[in-house]
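**Student:** what's the 3D shape of this:
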Amino acid sequence: MKKALFPLMALVLISGMVFARTSAQDQQKAMEAYMKAAAVTADHAALKVFVGHWDATATMWMMPGAPPSTSKNTVDAVMILGGRFVRMDYKGTMMGQPFEGYQITGYDNMQKTYNTFWIDNSSTSFYLLAGTYDPAKKTFIQNGQWSDPMGSVTPVRTVITLVSPDEYLYESFMSMPDGKEFKSMEYRAVRKK
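**Tutor:** Below is the predicted model:
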């Protein structure tokens, strides 16, 4: 019961200053808008497919035509903040070095997009993506930008295909200066039994 009251209390405190300067009718509309923005919906439930422990085989290409590097990794995922987000913890190697990364993905009720926040130990940059989910194709598609250490910003498109309840394929495509895409990374995750 205490856990259920905390979000409501925080909402009331945060919006208190706004409510103090508005009419009762406007306050009710604002409260309804806040509750709608915070609601957990079927769009959030779509992320539950990632919950669990996974073995992932990753393949990376530094540039088109370059030989790939491969690695074995693990992914552990849990729903957080009342089912609004899925947090995915990655561990393994990348190009022969220890690698770990954290991803948080959620559905933004206001923007109507799936948003992803990514950080890892190979950089101090934040990586942000936004996109959609097509339930008929069981595919998440997101777009963003990757800042490389040489100072350029590269457009990125990611595709996650749900192969089955126990397997998904993640693909990342980078745009070259000429606008052509190349697959820079993929990993296939299989649920641990």
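**Student:** Every contact and neighbour count from this point should use C-alpha atoms.
**Tutor:** Noted.
**Student:** Which elements pack onto the strand or helix carrying E171?
**Tutor:** Secondary structure assignment for E171, by DSSP states H and E: strand 167-175. Helices and strands touching strand 167-175, by 3 or more CA pairs under 8 Å, 6 or more residues apart in numbering; DSSP states H and E, are strand 153-164, strand 181-191.
**Student:** Okay, domains of the chain per the record?
**Tutor:** Following automatic domain parsing, one finds the domains of the chain at 2-38, 44-191.
**Student:** From one end of the last one to the other, what's the distance?
**Tutor:** The stretch domain 44-191 measures 20 Å between its terminal residues, going by CA to CA, to the nearest Å.
**Student:** now it: mean pLDDT?
**Tutor:** Mean pLDDT, domain 44-191: 93.
**Student:** And that domain, how far out from the chain middle?
**Tutor:** 7 Å (CA atoms, centre = their mean, to the nearest Å).
**Student:** from now on call the first residue 50
**Tutor:** Got it, first residue is 50 now, which makes that one domain 93-240.
**Student:** one step back: need the winner for burial among the domains of the chain.
**Tutor:** domain 93-240 (a mean of 16; mean count of other CA atoms under 10 Å).
**Student:** can the helices and strands packed on strand 216-224 go into a markdown table with extra columns for distance to S72?
**Tutor:** Output for the helices and strands packed on strand 216-224, formatted as a markdown table (distance: least, CA to CA, whole Å):
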| stretch | distance to S72 |
| --- | --- |
| strand 202-213 | 45 |
| strand 230-240 | 52 |
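**Student:** quick one: which of the ones you listed is nearest Q146?
**Tutor:** For the helices and strands packed on strand 216-224, the distance to Q146 is smallest for strand 230-240, at 16.3 Å, taking CA to CA.
**Student:** Okay, now the sheet partners of that closest one, with direction.
**Tutor:** strand 101-109 (antiparallel), strand 216-224 (antiparallel) (DSSP bridges).
**Student:** any chance of those strands in TSV, with distance to M143 too?
**Tutor:** TSV is the format used below for the strands paired with strand 230-240 (distance: least, CA to CA, whole Å):
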stretch	distance to M143
strand 101-109	9
strand 216-224	15
